[in-house]
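> Kindly generate the corresponding structure for this input.
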Amino acid sequence: MFESRDVPEVATHPVVASLHAAAVEPAGELRSADPIAARTSFVELALASVMLKALEVTNAVHHHHPDATDARVTRSAQQGGLSSRASGGSSADEAVLDVVRRLVGADVSSMSDDALVDAVVAWQQVASWAAAEQARVVGELLARGGSSSQAADAVVHELTAALVTSRRTATALVGRATGLGRAPEVADALAEGRIDAARADVLVCYDAVPAAVRERVAGELVGTAAAPGPATGLTPAQLRDRLRRAAIEADPDGAVERAAAAAERRHVWIDPAPDQMAWLTALLPAADAARVWARLDAASRERVRAAGETRTVAQVRADTLTDLVTEGSAPAAGVRTVVNVTVAASTLLGLDESPADLAGYGPVPATVARVLASDGDPTWRRILTDPVTGAATDVSRTGYRPGVVLGDLVRTRDTTCTFPGCQVPATRCDLDHVDPFDPRRSTPGQTRADNLHPVCRAHHNAKTHGGWSTHRDPGSGAITWTAPSGHRYTVPARPTDPTLPTAPTLRGRRPASRGHDVDPGDDGDPPF
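I've put the predicted structure just below:
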């Protein structure tokens, strides 16, 4: 559970102290209609707003218990850093509340796009702080009940009733509190707004990875406030990949055994969906799922290119699957299907057990990679990389459309869409020119590896029609995406070889981890 921490009274908190100073200044209009430009940062103001709201609640509670006859109320207020002054608070408190209302309640319609994005990020950081504090309180409830499973169940029942929520949600809150109690570095990162609750849950509750591995790796991933770790710029899905890779590295034999046991649970099931639709879901070994998807996707894209076809790729995929199962009609012969398996040469030779990378899935044990590499199925394409840099060599082409070799090179190098946080596999992405292709330029070579990157259809459209732009750093290979608001998000280049230590992190003016996980929606024509 959480260790007790000394939390200052709200009145002496530095944020509130600065607001006290602002409160005694002559009344008038805000120095700026834009809170970001105010002397106190928006994050601090939002945090103060939440804290002062809690102060109001505590004062109201004290009003109903003027003699403090309920010791639990007084103790909770003190432990939470909340004042237990008489109802209504002092005149200074009222002045602070007034300043907070005027600053945080500023008219958002007058804020710039840049400031609005900053405000969204600020409130997300406040939400992270609130989640950490909620977990700390849940941890105290658990500690008071003891360590038995019955005690934990009692807290789950209480939270289910108090929050009017499901047992599953209440159980998740208890799991988060327990996990954060064992991982103080993650608890601090959440409270400081460096990660959000979803990332914290992956780091402390991801059951697919042994707890010992999670606890060992979590601190490395979150880092410290002075030196944030890569978790601050990774999506939850990317964090899960990191943890799975760490688990394979820590115990390669155990990873193989767990995979074999999991394969015994393979099955297919159906769930109802609205409007006479249904979800047909299959749980398969990753290699089998990748092979099925590659074949289905390639055949569907071939059909979409046929003259007169009006269906989207997604619709054709569904129809092709139905035809294959119900009528036994196989996809057209000659359709090229490829699934990349990236593995270090030393691993393929059996010199080490470093994890390999299965495109569209993530890390797999070395044993799986060796089996796929020796499989005669042409679907599998083994990617061997430079043992030192993990990088591929450049190839140039003078036309607009990249050739097959160049396209394969770029997709192998970048593995996914390069938009911050996006994990759509590169094999399902368009190839976009980092610097827009200009047919008026007489200089050849615009279509070359260092001016191409894979971009999923949604983010390709955002760049072509939505005002986004990209730039590649010629030295590091990092790609910077600039939003219409002016915010810049930099995605460092990653080596093709997943065993190399420089795995991808996102850095920029604001955390770029607000991207999405794998998005299957890549329909429509390319935006050119």
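> can you list contacts of stretch 214-228?
With C-beta atoms under 8 Å, 6 or more residues apart in numbering as the test, stretch 214-228 has contacts from 182-183, 185-186, 188-189, 192, 194-195, 203-204, 206, 229-232, 234, 239, 242-243, 246, 250. Just so you know, the C-beta spots here come from the backbone N, C-alpha and C atoms, and that holds for glycine as well.
> Just the buried residues from those residues, in ChimeraX please.
To isolate the buried subset of the contacts of stretch 214-228 in ChimeraX, counting by 16 or more other C-beta atoms under 10 Å, use the following:
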select :183,185,186,188,189,192,194,195,203,204,206,229,230,231,232,234,239,242,243,246
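> Please flag which of the contacts of stretch 214-228 sit within helices.
Per DSSP state H, helices hold the following members of these: 182, 185-186, 188-189, 203-204, 239, 242-243, 246, 250.
> Check the gap between the closest residue to D352 other than its chain neighbours and L239 for me.
Sequence neighbours aside, S346 is the residue nearest to D352 in space, at 5.1 Å (criterion: C-beta to C-beta, 6 or more residues apart in numbering). As for S346, its distance to L239 is 27 Å (criterion: C-beta to C-beta, to the nearest Å).
> circling back: and the residue nearest to D352, how many residues sit next to it?
Neighbours of S346 under the rule other C-beta atoms under 10 Å: 14.
> pLDDT at it, what is it?
The confidence metric pLDDT takes the value 77 at S346.
> Settle this for me: it is touching S354, isn't it.
Yes: counting by C-beta atoms under 8 Å, S346 does reach S354; the two are 7.3 Å apart.
> give the contact list for P210.
Counting by C-beta under 8 Å, 6+ apart, P210 makes contact with 247, 250-251, 254.
> Among these, the buried ones, what's the PyMOL command?
Applying 16+ other C-beta under 10 Å to the contacts of P210, the buried members can be selected in PyMOL as follows:
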select buried, resi 247+251
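> Skip the chain neighbours and tell me the closest residue to F419.
F419 sits nearest to H459 (C-beta to C-beta, 6+ apart), 4.0 Å away.
> these two touch, right, the one you found and C417?
Yes: counting by C-beta under 8 Å, H459 touches C417, with 5.9 Å between them.
> Compare neighbour counts for these two and give me the winner.
Applying other C-beta under 10 Å to H459 and C417 shows that C417 carries more neighbours, namely 29 against 26.
> any low-confidence regions in the stretch 1-150 of the chain?
1-106 (pLDDT under 70).
> quick one: V341 from R295, how far?
Distance, V341 to R295, by C-beta to C-beta: 16 Å.
> So these two - more neighbours on which side?
In this view V341 and R295 are compared by other C-beta under 10 Å, and V341 has more residues nearby, 24 against 18.
> Which helix or which strand is home to W481?
strand 479-482 (DSSP states H and E).
> Disregarding flanking residues, what is the spatial nearest neighbour of L284?
Excluding the flanking residues, the one nearest L284 by C-beta to C-beta, 6+ apart is R266, at 5.5 Å.
> What of V316?
Once flanking residues are discounted, V316 sits nearest to S300: 4.2 Å by C-beta to C-beta, 6+ apart.
> wait, that neighbour sits on T312?
No: using C-beta under 8 Å, S300 is not in contact with T312; the gap is 9.5 Å.
> and the two? which has more neighbours close in?
Using other C-beta under 10 Å as the criterion, S300 and T312 rank with S300 on top: 22 against 16.
> distance of that one from M277?
19 Å.
> picking up where we left off before, Throw the contacts of P210 into TSV and include pLDDT and distance to E133, thanks.
TSV is the format used below for those (pLDDT from 0 to 100; distance: C-beta to C-beta, whole Å):
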residue	pLDDT	distance to E133
A247	89	30
A250	87	33
D251	88	35
G254	89	36
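> So what are the sheet partners of the strand holding W481 and their directions?
Under the criterion DSSP bridges, strand 479-482 sits next to strand 469-472 (antiparallel), strand 488-491 (antiparallel) in its sheet.
> Any chance you could list what contacts it?
Strand 479-482 has contacts (C-beta under 8 Å, 6+ apart) with 418-420, 434, 453, 468-473, 488-491, 493, 508.
> List buried residues within those residues.
418-420, 434, 453, 468, 470, 472, 488-491, 493, 508.
> Flag every buried residue along the helix or strand hosting W123.
Counting by DSSP H and E, the element that carries W123 is helix 113-145. Of all the residues in helix 113-145, those buried under the rule 16+ other C-beta under 10 Å are 114-115, 117-119, 121-126, 128-133, 135-136, 138-142.
> quick check: angle from that helix to helix 184-191?
If you take axes from the mean of the first three to the mean of the last three C-alpha atoms, to 10 degrees, helix 113-145 sits at 140 degrees to helix 184-191.
> Which secondary structure elements does helix 113-145 sit against?
Here helix 113-145 touches helix 42-64, helix 149-162, helix 167-182, helix 184-191, helix 197-205, going by 3 or more C-beta pairs under 8 Å, 6 or more residues apart in numbering; DSSP states H and E.
> give me every residue that touches the residue nearest to F419.
Taking C-beta under 8 Å, 6+ apart, we find H459 in contact with 417, 419, 422, 468.
> out of these, which one sits closest to H157?
Nearest to H157 among those, counting by C-beta to C-beta, is C422 at 40.1 Å.
> wait, doesn't the closest one sit right on T416?
Yes: the pair C422 / T416 is scored as a contact, 6.5 Å apart, by C-beta under 8 Å.
> So the two - more neighbours on which side?
Higher neighbour count among C422 and T416: T416, with 25 against 21, using other C-beta under 10 Å.
> Can you list the residue ranges for strands in the stretch 351-500 of the chain?
356-358, 362-364, 380-383, 396-397, 430-433, 447-448, 452-455, 469-472, 479-482, 488-491 (DSSP state E, counting those that start in this stretch).
> Now distance to T322 and mean pLDDT too, for these, in CSV please.
As requested, those are exported to CSV (distance: least, C-beta to C-beta, whole Å; pLDDT from 0 to 100):
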stretch, distance to T322, mean pLDDT
strand 356-358, 27, 84
strand 362-364, 29, 87
strand 380-383, 27, 71
strand 396-397, 39, 40
strand 430-433, 27, 89
strand 447-448, 38, 76
strand 452-455, 29, 92
strand 469-472, 39, 92
strand 479-482, 38, 92
strand 488-491, 38, 90
